[in-house]
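*Asks:* 3D, please:
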Amino acid sequence: MFFGPLIWIVVIVGIVVLVGYLVRAQGGDGKDWPRRLTRESPLDIARARYARGEIDNKEFEEIKRTLEE
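*Replies:* Numbers count the residues shown, from 1 in each chain. This next block holds a predicted model:
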């Protein structure tokens, strides 16, 4: 009677630990996942934003300068 729920708790904790291990084994802590999905550099993203008109030339040049430092 006591071991039934205990076994399920152990299984659920094991699954959570396994998923956490697999995420870290892929090379990250999950914080940089959007960047890894797009495979674009920050400068490429700034160029695309400038082309769409989201940022002006001054802002683009400032981003570019910051990234080149």
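*Asks:* quick one: buried residues of the host helix or strand of residue 12?
*Replies:* Element membership of residue 12, judged by DSSP states H and E, is helix 3-25. Buried residues in helix 3-25, counted by 16 or more other CB atoms under 10 Å: none are found. Placement of C-beta: from N, CA and C, glycine included.
*Asks:* how distant is it from the center of its chain?
*Replies:* Average the C-alpha atoms of helix 3-25, do the same for its chain, and the two points are 23 Å apart (CA atoms, centre = their mean, to the nearest Å).
*Asks:* export only the CA atoms of that helix, formatted as PDB.
*Replies:* Extracted in PDB, the C-alpha atoms of helix 3-25 (Å, rounded to 0.1, in the frame of the first residue of the first chain):
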ATOM      1  CA  PHE A   3       5.100   1.300  -2.000                       C
ATOM      2  CA  GLY A   4       2.700   2.100  -4.800                       C
ATOM      3  CA  PRO A   5       2.600   5.900  -4.500                       C
ATOM      4  CA  LEU A   6       6.300   5.800  -3.600                       C
ATOM      5  CA  ILE A   7       7.200   4.100  -6.800                       C
ATOM      6  CA  TRP A   8       5.300   6.700  -8.900                       C
ATOM      7  CA  ILE A   9       7.000   9.500  -7.000                       C
ATOM      8  CA  VAL A  10      10.400   8.000  -7.800                       C
ATOM      9  CA  VAL A  11       9.500   7.500 -11.500                       C
ATOM     10  CA  ILE A  12       8.300  11.100 -11.800                       C
ATOM     11  CA  VAL A  13      11.400  12.500 -10.100                       C
ATOM     12  CA  GLY A  14      13.600  10.300 -12.400                       C
ATOM     13  CA  ILE A  15      11.900  11.600 -15.500                       C
ATOM     14  CA  VAL A  16      12.400  15.200 -14.300                       C
ATOM     15  CA  VAL A  17      16.100  14.500 -13.600                       C
ATOM     16  CA  LEU A  18      16.600  12.800 -17.000                       C
ATOM     17  CA  VAL A  19      15.000  15.700 -18.900                       C
ATOM     18  CA  GLY A  20      17.300  18.200 -17.000                       C
ATOM     19  CA  TYR A  21      20.300  16.100 -17.800                       C
ATOM     20  CA  LEU A  22      19.400  15.900 -21.500                       C
ATOM     21  CA  VAL A  23      18.900  19.700 -21.700                       C
ATOM     22  CA  ARG A  24      22.300  20.300 -20.100                       C
ATOM     23  CA  ALA A  25      23.900  17.700 -22.300                       C
END
